[in-house]
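Q: from the sequence below, what's the structure:
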Amino acid sequence: LPLFLTLSPPSLPGRPLLLSSLAFSPPQERNNIRVSCSSRNRHLHKMSSSLSSPPDNKEPWAATDNRDSTQAIEARKSLTIWPLDESNTILLNEVAPRNYTNPTQPNDIYDLVAIGAGAGGLVSSKQSARRGAKSAMISDHLAGGDCLNVGCVPSKALIRCGRAAAEARRLSEFGVTVGASGGDQSVSVNFSKVMERMRQIRATIAPADGHEGTSATGAHVYQGRGKFIGPDTIQVSDGSVLKFKKAVIATGGRAALPDVEGLMKAPFTTNAELFNLETLPPRMVILGSGVVALEMAQTFAAFGSEVTVVQRASYLFQSKGGDAEASKLVKEALEEDGVTFLSETTTQKVETLRQVGEGDFESLPLMKLSVKSADGPEQELECECLLVATGRLPNVENIGLEDANVDYDPKRGVIINDLAQSPSNPNVYAVGDCAADVPRLTHMSGEMAKVVVNNALFDDNWNISSLVVPAVMYTHPEVATVGLASEDMATKAEVEVDVYRAGLEHNDRAITEGDRRGFVKIITEKGGGKILGATIVAGRAGEIINEVTLAMKHNIGLDGIGRNIHSYPTTGEAVMGCGLQFINARWKRLD
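A: Numbering: from 1, shown residues only. Down below sits the predicted model:
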């Protein structure tokens, strides 16, 4: 099967896998990588020597099976990427080429310089160059940022494989048998192939974010660490000095680490290392219950790991004021897939029982957690993988913001106004995860970059507050939200609303798919059809939410959605169903 599942009759169980385990690098090996474990929430990304100095005739990245080769060690320790196989070689030659040479003659002054090479930096520099500006982008780690390398792309690749495994276990419901004449099917996952597929997908997408593609637009790409040395000047770590008219801070974010005894000495993992895994951990404990936590919990449970989610909240989405029914449905779905939840529970201590030694590619670490619930005794959990997913912090330290007179908050990010502009230095803007008080989403970063290009270079007045930003959690079922997405959120905002709900239990497409868990809820102003937000729980909620987002952006009322013809049978008809409820409540009648 293309997604690397092995189906066998019960008498022939899939063989267990024993592969390398470098994703669980001990703290001493993390000292020079982007996520350092030196102290709480101070794992600041550092420039490797390979990226902060001229290439010195370095050779391009080349695939190797030798884990101790110079390049393999460099990729692992400086860029947090392993193994150095063909796919990762393609990736690195696009987004962090060893033999890259920075422009030797910078422009006297740039119209726009972007610090950072994730979605925000890429869109800022490329779009400004295409529109005639002299632009530059500074990439200090991996171009493409978290999204390409350790976020959206690799996670969705794994999620697809996890969903395939879950679907395979249901084949008998659809009258399908594979590899046996009848009876239940035993499904095993070839985790090595799953990860290989993920790396291939990431390498396929990489050219869109690579240095060559950005340079082709006319933008100058500097590989190295950028730091403000004045209100209109940035110095790159190779010594290049860039004067600018406008600058964009697009340095992204990183995983926040909770203050837990023993955690910093433990071989835990975050999203920065998770996608280097080569061995499926038998047991995984996840701290946190946000998007990353829940997506990976369900996925690794589908692969065969025993997964436990430890959350401080009493129910899912509580901290965001999310929909209570959505919380219940998602928790039930994940529990059916084998995920265990410990709610209202805090982690007291992490003890490392077994480390992974340098050069040991056959072992997994072992950790023991002491956790305590609000009304229960302390209990202990052991795991081979401890995934920390307790939130994000902006990358705002050590980039010279003080010298640029740019105000920032270490936890919130760069302070910006509605134009994405620093009030303390109007020539500097910030976009994406490093900006304060905006949704930390890739598509938000890209859209903010468009706002900045228009405002900074063309004196437009595009406002961040005018953006209507959907968000999706890619569990199954998916959860998609936009705007005021629940009654709780509306109550906190002191806004009176009406709620229109259409469940999937009567949706014909959902019935035929055997996937009836979910609903569409659309929130409107009290007594009217103006749409304020929505929550959708469905197999393809992320595709469905865009219709509601479009309606909100262009002031199409709920009646307009109800009068829009939807194809039959589609899950999206549930959106129309909410609109029809609004219309039918206002029908004229012949009484």
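
Q: how much space between the spatially most central residue of the chain and Gly542?
A: Most central in the chain under Cα atoms, centre = their mean is Gly151, positioned 4.0 Å from the mean C-alpha point. According to Cβ to Cβ, to the nearest Å, Gly151 and Gly542 sit 15 Å apart. Using the backbone N, CA and C atoms, a C-beta is placed for each residue, glycine as well.

Q: Val221 now?
A: Distance, Val221 to Gly542, by Cβ to Cβ: 32 Å.

Q: more neighbours: those two, which one.
A: In terms of neighbours (other Cβ atoms under 10 Å), Val221 is the more surrounded of Val221 and Gly542; the figures are 22 against 17.

Q: does that one lie in a helix or a strand, and which?
A: strand 220-223 (DSSP states H and E).

Q: cool, and Leu112?
A: Assigned by DSSP H and E, Leu112 falls in strand 110-115.

Q: next one: Lys521
A: Applying DSSP H and E as the criterion places Lys521 in strand 519-525.

Q: next: Thr549.
A: Thr549 belongs to helix 541-553 when assigned by DSSP H and E.

Q: so how far is that helix off the chain centroid?
A: Computed by Cα atoms, centre = their mean, to the nearest Å, the chain-centroid distance of helix 541-553 equals 20 Å.

Q: list the contacts of that helix.
A: Residues from elsewhere that reach helix 541-553 (Cβ atoms under 8 Å, 6 or more residues apart in numbering): 468-470, 472, 474, 477-483, 518, 520, 522, 531-534, 536, 538, 556-558, 560-561, 571-572, 574-575.

Q: between that helix and strand 519-525, how many degrees?
A: Helix 541-553 and strand 519-525 meet at an angle of 20 degrees, taking axes from the mean of the first three to the mean of the last three Cα atoms, to 10 degrees as the criterion.

Q: now the element after the lowest-mean-pLDDT helix or strand in the chain, going C-ward?
A: Least confident helix or strand, the chain: helix 49-52 with a mean of 37, by mean pLDDT, DSSP states H and E. As assigned by DSSP H and E, the chain's next helix or strand after helix 49-52 is helix 70-79.

Q: restrict that next one to CA atoms and write it as PDB.
A: Provided in PDB are the C-alpha atoms of helix 70-79 (Å, rounded to 0.1, in the frame of the first residue of the first chain):
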ATOM      1  CA  THR A  70      31.100  15.500   8.700                       C
ATOM      2  CA  GLN A  71      28.000  16.400   6.900                       C
ATOM      3  CA  ALA A  72      25.700  14.100   8.800                       C
ATOM      4  CA  ILE A  73      27.000  15.600  12.100                       C
ATOM      5  CA  GLU A  74      26.700  19.100  10.800                       C
ATOM      6  CA  ALA A  75      23.100  18.600   9.600                       C
ATOM      7  CA  ARG A  76      22.100  17.000  12.900                       C
ATOM      8  CA  LYS A  77      23.800  19.400  15.300                       C
ATOM      9  CA  SER A  78      23.600  22.700  13.400                       C
ATOM     10  CA  LEU A  79      20.300  22.300  11.600                       C
END
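
Q: just the element for the nearest residue to Pro423 once chain neighbours are set aside, please.
A: Closest residue to Pro423 apart from its sequence neighbours, by Cβ to Cβ, 6 or more residues apart in numbering: Asn417 at 5.4 Å. According to DSSP H and E, Asn417 maps onto no helix or strand at all.
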